[in-house]
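A.B. asks: turn this into a structure:
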Amino acid sequence: MRSDAVKKGITRAATRALLHACGITRGQMEKPFIGIADASSDIVPGHVGMQSLARAIELGIAAGGGTPFKFGVPAICDGIAMGHKGMFYSLPSRELIADVVESMCEAHGLDGVVLLTNCDKITPGMLMAAGRLDIPAIVVTAGPMHSGRLRSKRLSLVRDTFEAVGRAQAGLISMEEVYELELEACPGPGSCQGLYTANTMACVTEAMGMSLPGCATALAGTARKQRIAYESGERIVQLVREEITARQIMTAAAIRNAIRMDMALGGSTNSVLHIPAIAHDAGVQLALEVFDELSQATPQICKLRPAGDYMMEDLDYAGGIPAVFNVLQELIEDNPTVSGRSIKEIAAAGEVVNDDVIRSLDNVYAASGGIAILRGNLCPDGAVIKQSAVSPEMRKFTGKALCFDSEEAAYEAILADEVPDGSWCIIRYEGPKGGPGMREMLNPTAALTGMGKENSVGLLTDGRFSGGTRGPCIGHISPEAAEGGPLALVKDGDEIAMDLDARQLNLLVPEDELARRKAAWTPPAPKVTKGWLARYAKLVHSAGTGAVME
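C.D. replies: Below is the predicted model of the structure:
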């Protein structure tokens, strides 16, 4: 066992003494040492209920014949960090999480690890660590939040709070109604109810084979979730004994299956940042074009919020990820999973209970997947759009640019109704380096939607979006403005044309004029010059690579 390097032999007498000080018996010393990377928190709704899951995992590890060790992992709630300097830290925290898990597992010679996670950056950070360590690993996502209720109407966080700000600003609802929604939209623990980033990554994780069947959609606070946690604890010990490591699961086929699942569900554009980063740490080569190739070959068979009205609870009750795989059987590649069953076996056993939540291949919501990769002279290294949340009339759109050099300036103008119909609202210098940290733009996009402008105004940014974004919102524009990318050269009034079907995004300005602007451009001063963010800005790569650090 890996842990023998820590606990075996005369030279490890002092180490054993320290472990005995932790309450470890001589009998436990002989068993596999299993870490529980516990991201529980009192300030993240998706993580506040994790303590009982950690306990269930501990019991499962002990029952399976292992010795469990919990250790803490940081977690940031993107919704709470949104709209102020806290969001600068969100994407960079993914790297910290991966580093923490790597450090704890390597420093203590752990034989395997259960990764207890739920929200946006925490799950991909945990998976990056698993690929990097290549030890037996299994992921337990803590589950989606139940829908809220107000006078028998179902509520979700994004539509009924973030978008409610825009509706209130437009005079469509009162502040009293906003206060009521605040109280009822989020009834308790869990990741936000729609197919936003947290739930997208949970579904991707299960599709990749790194969590047990049903884990992604089993609701927070349920006995079913407790049972999955317990069984994951038992199973990790068996993975150690069978010497099944993370990279044996996280293969190129697993990565492609994860992307297909993302496309079939219509998931968050943030997966285009996270899946490449996970693949990178798992030693799998993944070009950005693979997302578009698989999107065009994979129909969208689910339509959850924000694109539709169904929520994660509906997907769970309809059969969950195994049921989606059952529909996609002919499109997926076989691959082992942490459960011991192959993906094809899980797919064959899946059952669709509601054929509107999970549609058949002859009744799809859309012929292609939920995400599209765009190219053109405005984004030579690529850009990303959640096409499943774009209305048919906005799939081709030409408008005039209105430029803002920060999210705050754009948000203020949107709320003041200073972004006219027919415009492209440009938010730049918000990329991985320029932000730094590539902030999510849920406040501006939700305000546009709440004000009824999702079919008359587009948004372009080198930043990124929440999974809750709707409308023609294009992010991850690469190269970013801070690196002198074409987005930095756009001026107010320039025309920009998007053609989703042709996968094109172009700035309609002559090349000689762009060359003149480029020659006159100077890079802005760094926004942050000290601390972790300054180091991150120096080391992070572009969004087109998954914003990985080297």
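A.B. asks: check for me that R149 belongs to a helix.
C.D. replies: No - R149: not assigned to a helix; according to DSSP: H, G, I helix; E, B strand; the rest coil it is strand.
A.B. asks: so what's it up against?
C.D. replies: L155, E184, P187 (CB atoms under 8 Å, 6 or more residues apart in numbering). The C-beta positions use only the backbone N, C-alpha and C, and glycine is treated the same way.
A.B. asks: just the closest of the residues you listed to M438, please.
C.D. replies: Here the nearest of the contacts of R149 to M438, counting by CB to CB, is L155; it sits at 28.9 Å.
A.B. asks: how about that closest one: what's its closest non-neighbour residue?
C.D. replies: G148 (3.4 Å; CB to CB, 6 or more residues apart in numbering).
A.B. asks: C186 is in contact with the one you found, correct?
C.D. replies: Yes - at 6.2 Å, G148 counts as touching C186 under the criterion of CB atoms under 8 Å.
A.B. asks: picking that back up, what sits against the residue nearest to L155?
C.D. replies: Contact partners of G148, counting by CB under 8 Å, 6+ apart, are R154, L155, S156, D160, E184, A185, C186, P187, Q193.
A.B. asks: change it to 6 Å
C.D. replies: Contacts for G148 (CB atoms under 6 Å, 6 or more residues apart in numbering) come out as L155, E184, A185, P187.
A.B. asks: of those, which is the most crowded?
C.D. replies: A185 (23 neighbours; other CB atoms under 10 Å).
A.B. asks: now that residue: how far from V48?
C.D. replies: 16 Å (CB to CB, to the nearest Å).
A.B. asks: and if you look at N455?
C.D. replies: Taking CB to CB, one finds N455 at 37 Å from V48.
A.B. asks: just P524 next, same as before
C.D. replies: 39 Å.
A.B. asks: same check on L127?
C.D. replies: 22 Å.
A.B. asks: over to N335?
C.D. replies: 33 Å.
A.B. asks: of the two, who's got more company?
C.D. replies: N335 (21 against 18).
A.B. asks: which SSE is the more buried one in?
C.D. replies: Under DSSP states H and E, no helix or strand contains N335.
A.B. asks: isn't it right up against A254?
C.D. replies: Yes - shown here, N335 and A254 form a contact pair, counting by CB atoms under 6 Å, at 4.8 Å.
A.B. asks: common neighbours of the two, please.
C.D. replies: In contact with both N335 and A254: G209, using CB under 6 Å, 6+ apart.
A.B. asks: what about the nearest residue to G450 once chain neighbours are set aside, how many neighbours?
C.D. replies: Spatial nearest neighbour of G450, excluding adjacent residues (CB to CB, 6+ apart): G166 at 2.0 Å. Close neighbours of G166, defined as other CB under 10 Å, add up to 24.
A.B. asks: okay, the helix or strand containing G166 in PDB with CA atoms only?
C.D. replies: G166 belongs to helix 163-169 when assigned by DSSP H and E. This file holds the C-alpha atoms of helix 163-169, laid out as PDB (Å, rounded to 0.1, in the frame of the first residue of the first chain):
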ATOM      1  CA  GLU A 163     -33.500  37.800 -13.000                       C
ATOM      2  CA  ALA A 164     -36.000  39.300 -10.500                       C
ATOM      3  CA  VAL A 165     -33.700  42.300 -10.100                       C
ATOM      4  CA  GLY A 166     -34.100  43.200 -13.800                       C
ATOM      5  CA  ARG A 167     -37.900  42.700 -13.500                       C
ATOM      6  CA  ALA A 168     -38.000  45.000 -10.500                       C
ATOM      7  CA  GLN A 169     -35.800  47.500 -12.300                       C
END
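A.B. asks: tell me the buried residues in whatever helix or strand comes next after it?
C.D. replies: Using DSSP H and E, the helix or strand that follows helix 163-169 in sequence is helix 175-184. By 16 or more other CB atoms under 10 Å, the buried positions in helix 175-184 come out as E180, L181, E184.
A.B. asks: ok, stretch 331-349 next?
C.D. replies: So stretch 331-349, judged by 16+ other CB under 10 Å, has buried residues L331, I332, N335, P336, T337, V338, S339, R341, I343, I346, A347.
A.B. asks: that one: end-to-end distance?
C.D. replies: 16 Å (CA to CA, to the nearest Å).
A.B. asks: again, but for stretch 502-510
C.D. replies: Start-to-end, stretch 502-510 (CA to CA) is 21 Å.
A.B. asks: got it, and stretch 81-98?
C.D. replies: 20 Å.
A.B. asks: how about that stretch: buried residues?
C.D. replies: For stretch 81-98, by 16+ other CB under 10 Å, it's 81-83, 87-98.
A.B. asks: skipping its backbone neighbours, what lies nearest G112 in space?
C.D. replies: Using CB to CB, 6+ apart, the nearest residue to G112 is P136, at 3.7 Å.
A.B. asks: right, and that neighbour touches D111 too?
C.D. replies: No - counting by CB under 6 Å, P136 sits too far from D111 to count as a contact (7.0 Å).
A.B. asks: more neighbours: those two, which one.
C.D. replies: Using other CB under 10 Å as the criterion, P136 and D111 rank with P136 on top: 29 against 25.
A.B. asks: quick one: that one and R241, what's the gap?
C.D. replies: For P136, the distance to R241 - CB to CB - is 9 Å.
A.B. asks: picking up where we left off before, just the buried residues of helix 175-184 now: which is nearest Q28?
C.D. replies: E184 (46.4 Å).
A.B. asks: and the spatially closest residue to M311 that is not a sequence neighbour, what's its pLDDT?
C.D. replies: Using CB to CB, 6+ apart and skipping the chain neighbours, the partner closest in space to M311 is Q193 (4.5 Å). As predicted, Q193 sits at a pLDDT of 97.
A.B. asks: can you tell me the SS state at Q193?
C.D. replies: coil.
A.B. asks: residues contacting the residue nearest the centre of the chain?
C.D. replies: Nearest to the mean C-alpha position of the chain, by CA atoms, centre = their mean, lies T197 at 3.8 Å. Neighbouring residues of T197 by CB under 6 Å, 6+ apart: D120, S268, N270, G467.
A.B. asks: how close does it get to A63?
C.D. replies: Using CB to CB, T197 is found at 33 Å from A63.
A.B. asks: understood, closing this out.
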